[in-house]
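Peer 1: pasting the structure only:
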(Lines give C-alpha, C1' and ligand atoms only; values in the text may rest on other atoms or scores of the structure.)
Protein backbone atom coordinates (compact mmCIF):
# COMPACT_ATOMS: atom_id res chain seq x y z
CA UNK A 1 0.00 0.00 0.00
CA UNK A 2 1.32 3.41 -0.96
CA UNK A 3 1.42 6.14 1.68
CA UNK A 4 1.14 9.92 1.39
CA UNK A 5 1.73 12.58 4.01
CA UNK A 6 -0.29 15.76 3.68
CA UNK A 7 0.60 19.03 5.34
CA UNK A 8 -0.72 22.58 5.39
CA UNK A 9 -2.34 24.77 7.99
CA UNK A 10 -2.76 28.06 9.77
CA UNK A 11 -6.10 28.71 8.04
CA UNK A 12 -8.89 26.64 6.52
CA UNK A 13 -7.67 27.71 3.08
CA UNK A 14 -4.48 25.72 3.67
CA UNK A 15 -6.51 22.57 4.36
CA UNK A 16 -9.54 22.42 2.05
CA UNK A 17 -7.62 21.57 -1.18
CA UNK A 18 -6.10 18.63 0.71
CA UNK A 19 -9.64 17.52 1.56
CA UNK A 20 -10.40 17.47 -2.17
CA UNK A 21 -7.54 15.05 -2.86
CA UNK A 22 -7.78 12.77 0.17
CA UNK A 23 -11.04 10.93 -0.74
CA UNK A 24 -9.74 10.25 -4.26
CA UNK A 25 -6.53 8.72 -2.91
CA UNK A 26 -8.42 6.69 -0.32
CA UNK A 27 -10.54 5.26 -3.15
CA UNK A 28 -7.32 4.19 -4.85
CA UNK A 29 -6.04 2.40 -1.75
CA UNK A 30 -3.53 4.94 -0.44
CA UNK A 31 -2.74 5.24 3.26
CA UNK A 32 -3.25 8.86 4.34
CA UNK A 33 -1.29 10.60 7.12
CA UNK A 34 -1.26 14.30 8.08
CA UNK A 35 1.44 16.39 9.74
CA UNK A 36 0.43 19.80 11.07
CA UNK A 37 0.86 22.10 14.02
CA UNK A 38 0.03 20.90 17.51
CA UNK A 39 -2.96 23.19 18.04
CA UNK A 40 -3.79 24.80 14.67
CA UNK A 41 -7.15 24.87 12.88
CA UNK A 42 -5.90 22.04 10.63
CA UNK A 43 -5.78 19.68 13.64
CA UNK A 44 -9.49 20.18 14.33
CA UNK A 45 -10.47 19.81 10.66
CA UNK A 46 -8.34 16.73 9.93
CA UNK A 47 -9.12 14.82 13.12
CA UNK A 48 -12.83 15.34 12.43
CA UNK A 49 -12.24 13.53 9.12
CA UNK A 50 -10.77 10.55 10.99
CA UNK A 51 -7.33 10.91 9.39
CA UNK A 52 -4.22 10.04 11.50
CA UNK A 53 -2.72 13.35 12.63
CA UNK A 54 0.81 14.11 13.81
CA UNK A 55 1.52 17.43 15.52
CA UNK A 56 4.90 19.18 15.34
CA UNK A 57 6.38 22.44 16.61
CA UNK A 58 5.98 25.40 14.30
CA UNK A 59 6.69 29.10 14.18
CA UNK A 60 5.01 31.76 12.11
CA UNK A 61 6.98 33.37 9.29
CA UNK A 62 6.38 37.12 9.42
CA UNK A 63 7.32 40.02 7.15
CA UNK A 64 6.84 42.55 9.96
CA UNK A 65 8.60 43.20 13.27
CA UNK A 66 7.37 41.17 16.21
CA UNK A 67 9.20 40.00 19.32
CA UNK A 68 8.11 36.46 18.47
CA UNK A 69 10.37 36.67 15.40
CA UNK A 70 13.32 36.03 17.75
CA UNK A 71 11.80 32.83 19.14
CA UNK A 72 9.98 31.36 16.16
CA UNK A 73 13.08 30.41 14.10
CA UNK A 74 13.99 28.01 16.93
CA UNK A 75 10.45 26.56 16.80
CA UNK A 76 10.82 26.09 13.03
CA UNK A 77 14.19 24.34 13.50
CA UNK A 78 12.63 22.11 16.18
CA UNK A 79 9.74 21.41 13.81
CA UNK A 80 12.15 20.35 11.05
CA UNK A 81 13.78 17.83 13.37
CA UNK A 82 10.40 16.51 14.55
CA UNK A 83 9.10 16.28 10.97
CA UNK A 84 12.29 14.52 9.84
CA UNK A 85 11.86 11.85 12.55
CA UNK A 86 8.13 11.37 11.86
CA UNK A 87 8.65 11.12 8.10
CA UNK A 88 11.52 8.67 8.56
CA UNK A 89 9.20 6.52 10.70
CA UNK A 90 6.17 6.81 8.37
CA UNK A 91 8.23 6.23 5.19
CA UNK A 92 5.74 7.88 2.80
CA UNK A 93 6.04 7.57 -0.96
CA UNK A 94 5.21 11.26 -1.42
CA UNK A 95 4.45 14.45 0.54
CA UNK A 96 1.80 16.94 -0.55
CA UNK A 97 1.90 20.44 0.92
CA UNK A 98 -0.79 23.10 0.71
CA UNK A 99 1.35 25.75 2.39
CA UNK A 100 1.08 27.82 5.52
CA UNK A 101 3.88 28.23 8.03
CA UNK A 102 3.56 24.70 9.46
CA UNK A 103 4.32 23.18 6.04
CA UNK A 104 7.92 24.44 5.87
CA UNK A 105 9.38 21.99 8.43
CA UNK A 106 7.47 19.11 6.81
CA UNK A 107 8.71 19.97 3.32
CA UNK A 108 12.32 20.27 4.52
CA UNK A 109 11.96 17.08 6.58
CA UNK A 110 10.67 15.27 3.50
CA UNK A 111 13.52 16.57 1.35
CA UNK A 112 16.05 15.41 3.96
CA UNK A 113 14.46 11.96 3.81
CA UNK A 114 14.64 12.02 -0.02
CA UNK A 115 10.84 11.81 -0.33
CA UNK A 116 9.30 13.54 -3.40
CA UNK A 117 7.51 16.73 -2.32
CA UNK A 118 4.66 18.34 -4.24
CA UNK A 119 3.32 21.77 -3.33
CA UNK A 120 0.13 23.58 -4.29
CA UNK A 121 0.06 27.39 -4.47
CA UNK A 122 -3.38 28.97 -4.53
CA UNK A 123 -2.49 32.58 -5.27
CA UNK A 124 -0.90 34.43 -8.15
CA UNK A 125 2.11 35.37 -6.03
CA UNK A 126 3.42 32.62 -3.73
CA UNK A 127 3.26 33.13 0.02
CA UNK A 128 6.42 33.25 2.10
CA UNK A 129 6.09 29.62 3.21
CA UNK A 130 5.86 28.34 -0.35
CA UNK A 131 8.65 30.65 -1.52
CA UNK A 132 10.91 28.87 0.97
CA UNK A 133 9.47 25.41 0.30
CA UNK A 134 9.74 25.52 -3.50
CA UNK A 135 13.52 25.07 -3.21
CA UNK A 136 12.92 21.60 -1.76
CA UNK A 137 9.99 20.58 -3.99
CA UNK A 138 9.83 18.32 -7.03
CA UNK A 139 6.83 20.19 -8.49
CA UNK A 140 4.63 23.12 -7.51
CA UNK A 141 1.05 23.12 -8.80
CA UNK A 142 -0.54 26.54 -9.30
CA UNK A 143 -4.15 27.67 -9.39
CA UNK A 144 -3.60 30.71 -11.63
CA UNK A 145 -1.64 30.53 -14.89
CA UNK A 146 -0.14 33.93 -14.00
CA UNK A 147 1.59 32.37 -10.98
CA UNK A 148 4.10 30.53 -13.18
CA UNK A 149 5.89 33.84 -13.80
CA UNK A 150 6.93 33.91 -10.13
CA UNK A 151 8.23 30.33 -9.91
CA UNK A 152 10.95 28.12 -11.45
CA UNK A 153 9.69 27.17 -14.90
CA UNK A 154 10.92 23.59 -14.62
CA UNK A 155 8.86 23.03 -11.45
CA UNK A 156 5.64 25.01 -11.97
CA UNK A 157 2.57 23.24 -13.39
CA UNK A 158 -0.72 25.05 -13.97
CA UNK A 159 -3.50 22.75 -12.74
CA UNK A 160 -6.17 25.01 -11.27
CA UNK A 161 -7.68 24.60 -7.81
CA UNK A 162 -8.67 21.19 -6.40
CA UNK A 163 -12.37 21.42 -5.53
CA UNK A 164 -14.01 19.27 -2.87
CA UNK A 165 -16.55 17.07 -4.67
CA UNK A 166 -18.86 17.20 -1.65
CA UNK A 167 -19.34 20.94 -2.12
CA UNK A 168 -20.80 20.29 -5.58
CA UNK A 169 -23.45 17.85 -4.33
CA UNK A 170 -25.64 20.21 -2.32
CA UNK A 171 -29.43 20.26 -2.42
CA UNK A 172 -31.14 23.64 -2.72
CA UNK A 173 -34.37 22.61 -0.97
CA UNK A 174 -32.45 21.09 1.93
CA UNK A 175 -30.41 24.30 2.18
CA UNK A 176 -33.52 26.50 2.29
CA UNK A 177 -35.10 24.22 4.91
CA UNK A 178 -31.95 24.32 7.08
CA UNK A 179 -31.90 28.12 6.88
CA UNK A 180 -35.64 28.55 7.36
CA UNK A 181 -35.78 30.48 4.07
CA UNK A 182 -38.24 30.36 1.17
CA UNK A 183 -38.09 30.66 -2.62
CA UNK A 184 -39.72 34.10 -2.41
CA UNK A 185 -36.47 36.11 -2.34
CA UNK A 186 -32.93 35.53 -3.65
CA UNK A 187 -30.34 34.29 -1.15
CA UNK A 188 -27.03 36.07 -0.59
CA UNK A 189 -24.30 34.27 1.36
CA UNK A 190 -21.72 36.52 3.02
CA UNK A 191 -18.32 35.05 3.90
CA UNK A 192 -15.32 36.80 5.40
CA UNK A 193 -12.88 33.89 5.41
CA UNK A 194 -12.39 31.21 8.07
CA UNK A 195 -11.61 33.81 10.73
CA UNK A 196 -14.26 36.27 9.57
CA UNK A 197 -13.85 39.90 8.57
CA UNK A 198 -14.80 42.81 10.82
CA UNK A 199 -15.02 45.23 7.89
CA UNK A 200 -17.28 43.00 5.78
CA UNK A 201 -19.41 41.96 8.77
CA UNK A 202 -19.94 45.56 9.87
CA UNK A 203 -20.82 46.83 6.38
CA UNK A 204 -23.38 44.07 5.85
CA UNK A 205 -25.01 44.66 9.22
CA UNK A 206 -25.22 48.41 8.63
CA UNK A 207 -27.10 47.65 5.42
CA UNK A 208 -29.11 44.73 6.76
CA UNK A 209 -32.56 46.36 7.03
CA UNK A 210 -32.26 47.59 3.46
CA UNK A 211 -31.03 44.22 2.14
CA UNK A 212 -33.76 42.20 3.82
CA UNK A 213 -36.40 44.04 1.82
CA UNK A 214 -35.11 42.30 -1.32
CA UNK A 215 -32.90 39.39 -0.24
CA UNK A 216 -32.45 36.64 2.34
CA UNK A 217 -29.02 36.75 3.97
CA UNK A 218 -26.78 33.93 5.17
CA UNK A 219 -23.96 35.48 7.18
CA UNK A 220 -20.97 33.21 7.90
CA UNK A 221 -19.18 35.68 10.11
CA UNK A 222 -16.30 33.73 11.70
CA UNK A 223 -15.53 32.50 15.20
CA UNK A 224 -16.66 34.91 17.90
CA UNK A 225 -18.23 37.32 15.41
CA UNK A 226 -21.94 36.60 15.83
CA UNK A 227 -23.97 39.57 17.08
CA UNK A 228 -26.93 38.56 19.22
CA UNK A 229 -28.90 41.74 18.55
CA UNK A 230 -29.47 40.56 14.97
CA UNK A 231 -30.78 37.13 15.97
CA UNK A 232 -34.35 36.39 14.96
CA UNK A 233 -34.51 38.77 12.01
CA UNK A 234 -36.78 37.28 9.36
CA UNK A 235 -34.69 36.24 6.36
CA UNK A 236 -31.35 36.56 8.20
CA UNK A 237 -29.24 33.73 9.63
CA UNK A 238 -25.78 34.18 11.09
CA UNK A 239 -23.27 31.43 11.83
CA UNK A 240 -19.69 31.36 13.06
CA UNK A 241 -19.14 28.61 10.48
CA UNK A 242 -21.16 25.91 8.72
CA UNK A 243 -19.84 22.40 8.32
CA UNK A 244 -22.08 19.50 7.29
CA UNK A 245 -24.78 21.69 5.72
CA UNK A 246 -22.38 23.91 3.75
CA UNK A 247 -22.96 22.23 0.36
CA UNK A 248 -26.74 22.60 0.76
CA UNK A 249 -26.38 26.26 1.78
CA UNK A 250 -24.20 26.89 -1.28
CA UNK A 251 -26.80 25.19 -3.48
CA UNK A 252 -29.46 27.53 -2.05
CA UNK A 253 -27.27 30.61 -2.61
CA UNK A 254 -27.92 32.91 -5.58
CA UNK A 255 -24.97 35.28 -5.00
CA UNK A 256 -21.90 35.50 -2.77
CA UNK A 257 -20.28 38.43 -1.01
CA UNK A 258 -16.81 37.28 -0.04
CA UNK A 259 -13.17 38.00 0.51
CA UNK A 260 -11.04 36.82 -2.40
CA UNK A 261 -9.22 33.80 -1.04
CA UNK A 262 -8.63 31.58 -4.05
CA UNK A 263 -10.04 28.32 -2.64
CA UNK A 264 -13.42 29.90 -1.90
CA UNK A 265 -13.73 31.84 -5.14
CA UNK A 266 -12.88 28.79 -7.26
CA UNK A 267 -15.66 26.91 -5.48
CA UNK A 268 -18.08 29.74 -6.34
CA UNK A 269 -16.80 29.67 -9.91
CA UNK A 270 -17.27 25.91 -10.22
CA UNK A 271 -20.80 26.29 -8.84
CA UNK A 272 -21.41 29.16 -11.32
CA UNK A 273 -22.54 31.58 -8.62
CA UNK A 274 -22.18 35.35 -9.19
CA UNK A 275 -19.86 36.91 -6.64
CA UNK A 276 -18.99 40.31 -5.23
CA UNK A 277 -15.39 40.13 -4.03
CA UNK A 278 -13.99 42.45 -1.36
CA UNK A 279 -10.27 41.55 -1.28
CA UNK A 280 -8.08 42.16 1.73
CA UNK A 281 -6.23 45.43 1.34
CA UNK A 282 -2.44 45.71 1.06
CA UNK A 283 -2.50 47.29 4.52
CA UNK A 284 -3.31 43.89 6.03
CA UNK A 285 -1.93 41.44 3.45
CA UNK A 286 0.69 41.03 0.74
CA UNK A 287 -1.96 41.94 -1.84
CA UNK A 288 -2.62 38.38 -3.04
CA UNK A 289 -6.40 38.68 -2.75
CA UNK A 290 -6.36 41.86 -4.84
CA UNK A 291 -4.58 40.00 -7.64
CA UNK A 292 -6.99 37.06 -7.34
CA UNK A 293 -9.99 39.37 -7.61
CA UNK A 294 -8.53 41.30 -10.54
CA UNK A 295 -7.86 38.06 -12.43
CA UNK A 296 -11.48 36.95 -11.94
CA UNK A 297 -12.79 40.38 -12.85
CA UNK A 298 -10.78 40.36 -16.10
CA UNK A 299 -12.38 37.02 -17.03
CA UNK A 300 -15.87 38.32 -16.27
CA UNK A 301 -16.42 36.03 -13.27
CA UNK A 302 -17.02 38.62 -10.57
CA UNK A 303 -17.56 42.20 -9.50
CA UNK A 304 -14.92 43.78 -7.24
CA UNK A 305 -15.34 46.29 -4.44
CA UNK A 306 -12.03 47.34 -2.90
CA UNK A 307 -11.88 47.56 0.87
CA UNK A 308 -10.75 51.17 0.74
CA UNK A 309 -14.02 51.98 -1.06
CA UNK A 310 -16.26 49.88 1.21
CA UNK A 311 -19.16 51.85 2.69
CA UNK A 312 -22.81 51.13 3.26
CA UNK A 313 -23.61 53.04 0.07
CA UNK A 314 -21.00 51.42 -2.17
CA UNK A 315 -21.95 47.98 -0.90
CA UNK A 316 -25.64 48.58 -1.67
CA UNK A 317 -24.82 49.81 -5.17
CA UNK A 318 -22.45 46.91 -5.88
CA UNK A 319 -25.00 44.31 -4.79
CA UNK A 320 -27.66 45.92 -6.95
CA UNK A 321 -25.34 45.90 -9.98
CA UNK A 322 -24.29 42.30 -9.36
CA UNK A 323 -27.88 41.10 -9.22
CA UNK A 324 -28.83 43.08 -12.34
CA UNK A 325 -25.90 41.56 -14.29
CA UNK A 326 -25.99 38.07 -12.74
CA UNK A 327 -26.88 36.21 -15.95
CA UNK A 328 -23.85 37.63 -17.72
CA UNK A 329 -21.54 36.41 -14.96
CA UNK A 330 -23.15 32.96 -15.00
CA UNK A 331 -22.70 32.74 -18.77
CA UNK A 332 -19.00 33.64 -18.48
CA UNK A 333 -18.46 31.05 -15.75
CA UNK A 334 -19.88 28.28 -17.93
CA UNK A 335 -16.65 28.39 -19.95
CA UNK A 336 -14.67 27.20 -16.91
CA UNK A 337 -14.27 23.52 -15.99
CA UNK A 338 -12.48 22.10 -12.93
CA UNK A 339 -12.83 18.46 -13.98
CA UNK A 340 -9.21 17.94 -15.04
CA UNK A 341 -7.58 19.54 -11.97
CA UNK A 342 -7.84 16.61 -9.58
CA UNK A 343 -6.89 14.08 -12.28
CA UNK A 344 -3.75 15.99 -13.25
CA UNK A 345 -2.52 16.37 -9.66
CA UNK A 346 -3.33 12.74 -8.89
CA UNK A 347 -1.42 11.59 -11.96
CA UNK A 348 1.77 13.22 -10.61
CA UNK A 349 1.23 11.78 -7.13
CA UNK A 350 0.64 8.26 -8.43
CA UNK A 351 3.82 8.36 -10.55
CA UNK A 352 5.91 8.94 -7.41
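Peer 2: Thanks, I have it. The structure presented is a predicted model; accordingly, all values stated were derived computationally and were not measured.
Peer 1: What values do phi and psi take at residue 150?
Peer 2: The phi and psi torsions at residue 150 (degrees, to the nearest 10) take the values phi -100, psi 10.
Peer 1: That one touches residue 130, doesn't it?
Peer 2: No - using C-beta atoms under 8 Å, residue 150 is not in contact with residue 130; the gap is 9.9 Å. C-beta: built from backbone N, CA, C; applies to glycine.
Peer 1: what separates residue 251 from residue 346, distance-wise?
Peer 2: 26 Å (C-beta to C-beta, to the nearest Å).
Peer 1: Comparing these two, which residue is more hemmed in?
Peer 2: residue 251 (20 against 16; other C-beta atoms under 10 Å).
Peer 1: The more buried one in helix, strand or coil?
Peer 2: Under DSSP: H, G, I helix; E, B strand; the rest coil, residue 251 falls in the helix class.
Peer 1: Enumerate every residue touching it.
Peer 2: 170-172, 174-175, 271 (C-beta atoms under 8 Å, 6 or more residues apart in numbering).
Peer 1: what's the longest strand in the chain?
Peer 2: Assignment by DSSP state E gives strand 31-37 as the longest strand of the chain.
Peer 1: so what does it touch, helix or strand wise?
Peer 2: Counting contacts by 3 or more C-beta pairs under 8 Å, 6 or more residues apart in numbering; DSSP states H and E, strand 31-37 packs against strand 3-7, helix 16-27, helix 41-48, strand 53-56, helix 72-90.
Peer 1: What mean pLDDT does it get?
Peer 2: The pLDDT scores in strand 31-37 average 96.
Peer 1: What of stretch 218-236?
Peer 2: Mean pLDDT, stretch 218-236: 91.
Peer 1: And for residue 259, the neighbour number?
Peer 2: 24.
Peer 1: And it, its phi and psi?
Peer 2: Main-chain torsions, residue 259, degrees, to the nearest 10: phi -60, psi -180.
Peer 1: Please tell me the pLDDT value assigned to it.
Peer 2: pLDDT for residue 259: 94.
Peer 1: mind listing what residue 88 touches?
Peer 2: So residue 88 contacts residue 113 (C-beta under 8 Å, 6+ apart).
Peer 1: can you tell me how far it sits from residue 127?
Peer 2: Distance, residue 88 to residue 127, by C-beta to C-beta: 27 Å.
Peer 1: next one: residue 87
Peer 2: To residue 127, residue 87 is 22 Å away according to C-beta to C-beta.
Peer 1: which stretches of the stretch 101-250 of the chain form strands?
Peer 2: All strands of the stretch 101-250 of the chain, identified by DSSP state E, counting those that start in this stretch, fall at 117-121, 139-142, 156-158, 187-191, 216-220, 236-239.
Peer 1: Format those as TSV; extra columns: mean neighbour count.
Peer 2: TSV is the format used below for the strands of the stretch 101-250 of the chain (neighbours: other C-beta atoms under 10 Å):
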stretch	mean neighbour count
strand 117-121	26
strand 139-142	24
strand 156-158	17
strand 187-191	24
strand 216-220	24
strand 236-239	20
